[in-house]
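*Asks:* Sequence first, predicted coordinates after that:
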Amino acid sequence: MKFFLTFFVFCNIAFAQKLTTLLEVSQLPPLSDEALAAATIVIFNENDVESTALAGFYAEKRSIPKTNLIGVKCTAKDEINRAEYDQLIAEPIREALILRKLWVKKKEPDESGGVRESKVRFAVVMKGMPLKIAASGPYLGDEPKGQPEVIAHNEASLDSELAVLGLWTRTISGALANPYWRARERITSIPLQSQLLVCRLDAQKAETVRRMIDDSLLAEKNGLRGLVYVDGRGITKGGLSLGDTWLNGVANDARKNGLPVIQDVGADVFPSSYPMRHTALYFGWYTENIAGALAHPDFRFVPGAVAVHLHSFSASSLQEAGRWWCGPLLEAGAAATIGNVYEPYLGLTANLDVFEQRLREGFTFAEASYMSQRFLSWMTTFIGDPLYRPFKFLSEGQGYEPSNEWDAYRAGVRNWLDLGRPSGEENLNASARRLSSGVIYEGLGLLLLAANDAKAASGTFAMARSAYISPGDKIRVAIHEAGAIQLSQGKDQALEFINRQIAVFSNHSTVEILKLMQQALSPQKEPSSEKTPDKKSGGGGAKKAKKPR
């Protein structure tokens, strides 16, 4: 079992960068809820009762004008063919947008598309609409250009195809460049009249979709707070290293902006017995189906959480219980996720580091998603409320409540980066004592590891164990503490500490993770019966590192 040994590689790799970068403070122009609502259309299936009801539910919650609700009549199955998409979905939506004066069409489409004026920039595709468009034979007007490997494909996510609806293009083979990729401005400030930022509100159950909407609104009002879990694979060379580069970028951005990060760089996913609690953000790869700690029946995200697992078929369907990733993540309480409906190339999937950064800066889920996506008319789907701003409270300068331990931690990190370690450490210790906060002590311990002070970190983790009430939290901190002890005092002392913790938590379910660590440090003992799923390829398309055109 390699989890213990590889998990603590992050002490020297993921935390190796000195914490010298100042916290970033977003300065986004204000965008009212009314303006966002007016700029949003809701697309639903009139043939599906649930789809119609959910469209009304979302429109009421977000105050979307009734004229912005567009119903089409199509099948509710996951996959449709190109003719069905053109006749039953694309053309009716175009006609409705023009008839309702939400679009003003150009006489002839040009390089910037076919829309001269647009009142809408966001689109929601409701549960009950198809998810993907199957590969097609010869298609009239298709003029593919680019790499042969890419233009050999014309299957696509329905949402990604709707994003280029305003282009009136007949080119369906390959991928189209996204002009909003890596943008730093709100979509309403950029003259991209022909582009829509399309997300879907979809899940296995209609009640899950309603919960996603409600959780997004609640988290937007109160702020999304919690731990950030990043599950990499430790790949540093070759084309696949791109995925770990993105995940390292996620961890570094979150960490330097006051979001406490737990990062695994081993080849396995977090084991099922790992106490993954307070999960606000999750980013990882690469098993075919949901596995490990996230698949545990008792696991739940915090309300409003955003969770993304990179895999070729992560969103192949959202309707199968326990299958793939996106559907199960939503059933486990996530409010938003990103997935692939077919097998893409790694470089043509969402750049997760860009996504996390833009989301944290206060952009909407839709804006952050499309800023991270280099190509459209491809295979990615963004699942969640497009208007959701989980970090709105930070971008609007409302991100500090003295009685909130997560806010106090973030303020302490700012103090650390602005004034140096002594001041920051004093600030964080004072806040932790004042609030009796295991969260702040745990975060401070991680910062001390970043400063290569494992001895001080182990003592701080001990304080966190004392402050936490939940056995799961205590065991998670004990994992950190054991790593810090091994770094500062050696393997024997770490094993002795683990043995003591096993005795203390012998009756708790998550004690199995401590036993795994015990076995890792005691190779002469029999291996545990618990196994961590290997990171299978499950179809290696998302792992290929082809250069996109």
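*Replies:* Here it is on my side, so go on.
*Asks:* buried set for the strand or helix carrying residue 422?
*Replies:* Here residue 422 sits within helix 421-435, counting by DSSP states H and E. Buried residues in helix 421-435, defined by neighbour count with 16 or more other Cβ atoms under 10 Å: 421, 424-425, 427-429, 431-432, 435. All C-beta atoms are positioned from the backbone trio N, CA, C, and that covers glycine.
*Asks:* how near is residue 455 to residue 59?
*Replies:* From residue 455 across to residue 59, the span is 57 Å (Cβ to Cβ, to the nearest Å).
*Asks:* which of the two has more neighbours?
*Replies:* A side-by-side neighbour count of residue 455 and residue 59, using other Cβ atoms under 10 Å, places residue 59 first with 21 against 12.
*Asks:* what's the burial count for the nearest residue to residue 269 once chain neighbours are set aside?
*Replies:* In this structure, residue 269 finds its nearest non-sequential neighbour in residue 292, 3.7 Å apart by Cβ to Cβ, 6 or more residues apart in numbering. Neighbours of residue 292 under the rule other Cβ under 10 Å: 22.
*Asks:* Can you report phi and psi for residue 292?
*Replies:* phi 70, psi -150 (degrees, to the nearest 10).
*Asks:* ok, it touching residue 266?
*Replies:* No. Counting by Cβ atoms under 8 Å, residue 292 does not reach residue 266; the two are 11.4 Å apart.
*Asks:* burial measure for residue 101, as a count.
*Replies:* Around residue 101 there are 10 residues (other Cβ under 10 Å).
*Asks:* Then residue 394?
*Replies:* Neighbour tally, residue 394, other Cβ under 10 Å: 25.
*Asks:* what's the answer for residue 106, then?
*Replies:* The number of residues packed near residue 106 is 17, by other Cβ under 10 Å.
*Asks:* likewise residue 63?
*Replies:* 12.
*Asks:* OK, contacts around it?
*Replies:* 33-34, 37 (Cβ atoms under 8 Å, 6 or more residues apart in numbering).
*Asks:* what about 6 Å?
*Replies:* Shown in contact with residue 63 (Cβ atoms under 6 Å, 6 or more residues apart in numbering): residue 37.
*Asks:* next one: the one 4 residues further on
*Replies:* With contacts taken as Cβ under 6 Å, 6+ apart, residue 67 has the following neighbours: residue 100.
*Asks:* give me that answer again for 8 Å
*Replies:* Residue 67 neighbours (Cβ under 8 Å, 6+ apart): 100, 102.
*Asks:* Per-residue pLDDT of it, please?
*Replies:* Among the per-residue scores, residue 67 holds a pLDDT of 97.
*Asks:* Would you check how far apart it and residue 102 are?
*Replies:* From residue 67 to residue 102 the distance is 8 Å (Cβ to Cβ).
*Asks:* What of residue 427?
*Replies:* Counting by Cβ to Cβ, the gap from residue 427 to residue 102 is 50 Å.
*Asks:* can you check residue 410 too?
*Replies:* Taken as Cβ to Cβ, the span from residue 410 to residue 102 is 40 Å.
*Asks:* Check residue 51 too.
*Replies:* For residue 51, the distance to residue 102 (Cβ to Cβ) stands at 20 Å.
*Asks:* And for residue 260?
*Replies:* 43 Å.
*Asks:* quick one: strands adjacent to the longest strand belonging to the chain?
*Replies:* The residue-count maximum for a strand in the chain (DSSP state E) belongs to strand 103-110. Pairing partners of strand 103-110, with direction, according to DSSP bridges: strand 113-118 (antiparallel).
*Asks:* Need the residues that contact the partner strand.
*Replies:* Strand 113-118 is contacted by residues 102-106, 108, 166-168, 193-195 when judged by Cβ under 8 Å, 6+ apart.
*Asks:* Mind putting the residues you listed into a markdown table with distance to residue 335?
*Replies:* Shown next, in a markdown table, are these (distance: Cβ to Cβ, whole Å):
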| residue | distance to residue 335 |
| --- | --- |
| 102 | 27 |
| 103 | 30 |
| 104 | 34 |
| 105 | 35 |
| 106 | 37 |
| 108 | 41 |
| 166 | 28 |
| 167 | 30 |
| 168 | 34 |
| 193 | 29 |
| 194 | 29 |
| 195 | 24 |
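*Asks:* Tell me which of those has the lowest pLDDT.
*Replies:* residue 108 (90).
*Asks:* residues touching that one, list them.
*Replies:* residue 114 are the contacts of residue 108 under Cβ under 8 Å, 6+ apart.
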